[in-house]
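Trainee: just coords:
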């Protein structure tokens, strides 16, 4: 994390984002201890392989 944050700082980044499974309590605890916070207003959306196929063949 030190290397990542150092590079982000050099590049002038305002934020670092990543995904964590909602059931991964160990990761959540670890990231909270680092000072990270969850952005509850955002949701992750996706299309399955089947849906991509179906939509591309309409």
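Mentor: All right, it came through fine. Keep in mind it's a predicted model, so treat the numbers as computed, not measured.
Trainee: Measure how buried residue 41 is and give me the count.
Mentor: Counted with other C-beta atoms under 10 Å, the neighbours of residue 41 add up to 5. Glycine gets a C-beta too; all of them are placed from N, C-alpha and C.
Trainee: Over to the nearest residue in space to residue 1 that is not next to it in sequence: give its phi and psi.
Mentor: In this structure, residue 1 finds its nearest non-sequential neighbour in residue 34, 6.5 Å apart by C-beta to C-beta, 6 or more residues apart in numbering. Note on residue 34: backbone dihedrals following degrees, to the nearest 10 are phi -70, psi -20.
Trainee: now swap in residue 8 and tell me
Mentor: Backbone torsions of residue 8, given as degrees, to the nearest 10, read phi -60, psi -40.
Trainee: Mind giving me the packing neighbours of the helix or strand hosting residue 30?
Mentor: Assigned by DSSP states H and E, residue 30 belongs to helix 25-34. Here helix 25-34 touches no other helix or strand, going by 3 or more C-beta pairs under 8 Å, 6 or more residues apart in numbering; DSSP states H and E.
Trainee: With that, I have no additional questions.
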